[in-house]
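Engineer: Next comes the sequence, and after it the predicted model I'd like to discuss.
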Amino acid sequence: MPKITCLRTLRTPQRPSLVWVELETEDGLAGLGETFRGAATVETLLHDEIAPWLLGRDAGHIEAISRHLLNPYVGFSGSSAEVRAASAVDIALWDLAGKRANVPLYVALGGGARQTVPVYNTCAGYAYNTTGVRRDIGNGDQSAGPYDDQVAFMRDAGGLAESLLSEGYGAMKIWPFDIYAPATGGHTIGLPDLKAGLEPFRQIRAAVGDRIEIMCELHSLWGSHAALRICRALEDYGVFWAEDPLSKMDDPHGLADLRRQTRTPLCGSETLGGVRQFRDLLAADALDVVMLDLAWCGGVTEGRKIAAFAQAYNKPLAPHDCTGPVTLMAGLHMALHAPTAIYQEVVRAALATWYRDLVTDLPVLKDGRALAPTAPGLGTALTDGLRQSADTTVRESRKA
């Protein structure tokens, strides 16, 4: 099998949390990977720690490379910089594997359990998560355009639901409780704030009834008392899941205790790094839905193992987005392949704008579903505009 000859990274100040990895092999192929947060730190790790070991190795030995990059690190218990770097490398290796076999990545994984997968719209705005800083909507915030959905769900959630239904979306995710967490450190939520946080859910049900599913994102902001109060209040609105309800999403016993006390299904967690944490949560019966992020959990290699645990415990799987377009494409391939996958997350504001500036191809959506890509590997590449921009930082490590 061809050896890896070059590791290249690219960063742009317009998207400072993102870093892309390209791996080139001696037969002229290139694989693309991505990760999110701490881009400069991850870049340094890739070139100073990973590249000296990786260059010259067989690109087909993906499992062995994954074990080497993930096992030594204390930081493996969470999505550390080391795990994020390993995730980007692993995604690029699977992109290479698909290209070498001339098949889409999900076929390289063993084929699809389905040829389309439902999507839900995370109701973020155009620049949401660009810098990794949470955006809270206040009275002075103005909509930046028709897809500034975070402003919409705080101002007119019913109208937003109607807009999404008109475009074929059958599910939406919102987070109206976030703004109330800082006042108490997330340890409690008073009845006035609870009622205000529930208002978007009431508006959605009043406007469209049960024609759309609603997910509630809680962003790991809450202690057990407040999380329980919120989850119980959400029961009246038929919420599909409450995501990351506790500030410690690696606490199997705390999550299991919360799950026993509410009828609202619990989902988690894109914040976890590696199969072992998911195993512990599933063994504790702490989750109803498994969410993973391939750019944070260790890549496709680790992600397929997490998906296998979800299947073994008969739990649905939902890959995360809201970070970058390469991660979205990788997640879509996993959602097509994994037996229990039920949704792929998308952000319509990003799909319509800045994702298009970064990559050549994005998922094709039809009637609220993402279609299986047909091109080899991930089915996308970085745009010439990104590569050629004077603002883009490109760094290469090559085999001597």
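Structural biologist: Good, I have the coordinates.

Engineer: what comes up buried for the helix or strand hosting P192?
Structural biologist: Here P192 sits within helix 191-208, counting by DSSP states H and E. By 16 or more other Cβ atoms under 10 Å, the buried positions in helix 191-208 come out as D193, L194, A196, G197, L198, P200, F201, Q203, I204, R205, A207, V208. Any C-beta I mention is one placed from the backbone N, CA and C, and that applies to glycine too.

Engineer: now stretch 332-346, how far from the centre of its chain.
Structural biologist: 11 Å (Cα atoms, centre = their mean, to the nearest Å).

Engineer: Endpoint to endpoint, that stretch covers what distance?
Structural biologist: From its first residue to its last, stretch 332-346 covers 10 Å (Cα to Cα, to the nearest Å).

Engineer: residues of that stretch that come out buried?
Structural biologist: 332-338, 340-346.

Engineer: farthest pair in the residues you listed?
Structural biologist: T340 and V346 (19.3 Å; Cβ to Cβ).

Engineer: Quick check: L10 touching L18?
Structural biologist: No. Counting by Cβ atoms under 8 Å, L10 stays clear of L18, with 9.0 Å between them.

Engineer: Mind jotting down where the strands sit in the stretch 1-150 of the chain?
Structural biologist: Remark: strands assigned in the stretch 1-150 of the chain by DSSP state E, counting those that start in this stretch are 4-11, 18-25, 30-36, 116-122.

Engineer: Please state the mean pLDDT value computed over the second one.
Structural biologist: In this case it means strand 18-25. Averaged across strand 18-25, pLDDT comes to 98.

Engineer: partners of that strand in the sheet?
Structural biologist: Counting by DSSP bridges, the strands paired with strand 18-25 are strand 4-11 (antiparallel), strand 30-36 (antiparallel).

Engineer: deepest of the ones you listed, which one?
Structural biologist: strand 30-36 (a mean of 26; mean count of other Cβ atoms under 10 Å).

Engineer: Need the contact partners of the helix or strand that A318 is a member of.
Structural biologist: Under the criterion of DSSP H and E, A318 resides in strand 317-319. Residues from elsewhere that reach strand 317-319 (Cβ atoms under 8 Å, 6 or more residues apart in numbering): 267, 289-294, 303, 306-307, 310-311, 330-332, 334-335, 338, 340-345.

Engineer: for stretch 33-43, same thing?
Structural biologist: For stretch 33-43, the surrounding residues in contact (Cβ under 8 Å, 6+ apart) are 9, 11, 16-23, 79, 81, 84-85, 87-93, 95, 132, 295-296, 299, 323-327, 330, 395.

Engineer: The buried residues of stretch 332-346 in strands, which ones?
Structural biologist: Q344, E345, V346 (DSSP state E).

Engineer: ok, now which ones touch the last one?
Structural biologist: Pointing back at V346 there. V119, Y120, N121, T122, D321, L328, P363, L365, A370.

Engineer: Report pLDDT for the residue nearest to the spatial centre of the chain.
Structural biologist: The centroid of the chain falls nearest to H320 when counting by Cα atoms, centre = their mean (2.5 Å). Looking at H320, its pLDDT reads 98.

Engineer: who's in contact with it?
Structural biologist: Going by Cβ under 8 Å, 6+ apart, H320 touches E270, M291, L292, D293, W296, T327, G331, E345.

Engineer: Show me the beta-bridge partners of the last one.
Structural biologist: Beta-bridge pairing for E345 (DSSP bridges): Y120.

Engineer: Could I get the contacting residues of it?
Structural biologist: Each residue near E345 by Cβ under 8 Å, 6+ apart is listed here: V119, Y120, T122, K173, A318, P319, H320, D321, C322, G331.

Engineer: ok so, going back, just the ones of the buried residues of stretch 332-346 in helices?
Structural biologist: Among the buried residues of stretch 332-346, the ones falling in helices (DSSP state H) are L332, H333, M334, A335, L336, H337.

Engineer: pLDDT weak spots in the protein?
Structural biologist: 72-79, 130-135, 137-140 (pLDDT under 70).

Engineer: Show me what the residue lying closest to A88 once chain neighbours are set aside bridges to in the sheet.
Structural biologist: Ranked by Cβ to Cβ, 6 or more residues apart in numbering and with sequence neighbours excluded, the top spatial neighbour of A88 is G33, at 3.8 Å. Beta-bridge pairing for G33 (DSSP bridges): V21.

Engineer: State the distance from G33 to G112.
Structural biologist: Per Cβ to Cβ, to the nearest Å, G33 is found 22 Å from G112.

Engineer: What of E270?
Structural biologist: Separation of E270 from G112 (Cβ to Cβ): 23 Å.

Engineer: With A307 instead?
Structural biologist: Counting by Cβ to Cβ, the gap from A307 to G112 is 13 Å.

Engineer: Need the residues touching each of these two.
Structural biologist: H337.

Engineer: Give me the more crowded residue out of the two.
Structural biologist: Neighbour comparison, A307 and G112: the larger count goes to A307, with 26 against 17 (by other Cβ atoms under 10 Å).

Engineer: What is the neighbour count of the residue nearest to Y343 when sequence neighbours are not counted?
Structural biologist: Distances taken as Cβ to Cβ, 6+ apart place A318 nearest to Y343, at 4.4 Å, with adjacent residues excluded. By other Cβ under 10 Å, the residues close to A318 number 27.

Engineer: Kindly provide the distance from A318 to I179.
Structural biologist: For A318, the distance to I179 - Cβ to Cβ - is 25 Å.

Engineer: repeat for S17
Structural biologist: 22 Å.

Engineer: how about the longest helix along the chain: buried residues?
Structural biologist: Ordering each helix of the chain by length in residues (DSSP H) puts helix 81-101 first. Across helix 81-101, burial judged by 16+ other Cβ under 10 Å covers 81-100.

Engineer: Same check on stretch 102-109?
Structural biologist: Buried-residue list, stretch 102-109, by 16+ other Cβ under 10 Å: V103, P104, L105, Y106, V107, A108, L109.

Engineer: which among these gets closest to Y128?
Structural biologist: Minimum distance to Y128 across those is 26.4 Å, recorded for L105 (Cβ to Cβ).

Engineer: Residue ranges of each domain in the chain, please.
Structural biologist: Split into domains by the TED database, the chain comes to 3-102+381-398, 107-371.

Engineer: what ranges do the helices span in the stretch 301-400 of the chain?
Structural biologist: 325-337, 348-352, 354-358, 384-388 (DSSP state H, counting those that start in this stretch).
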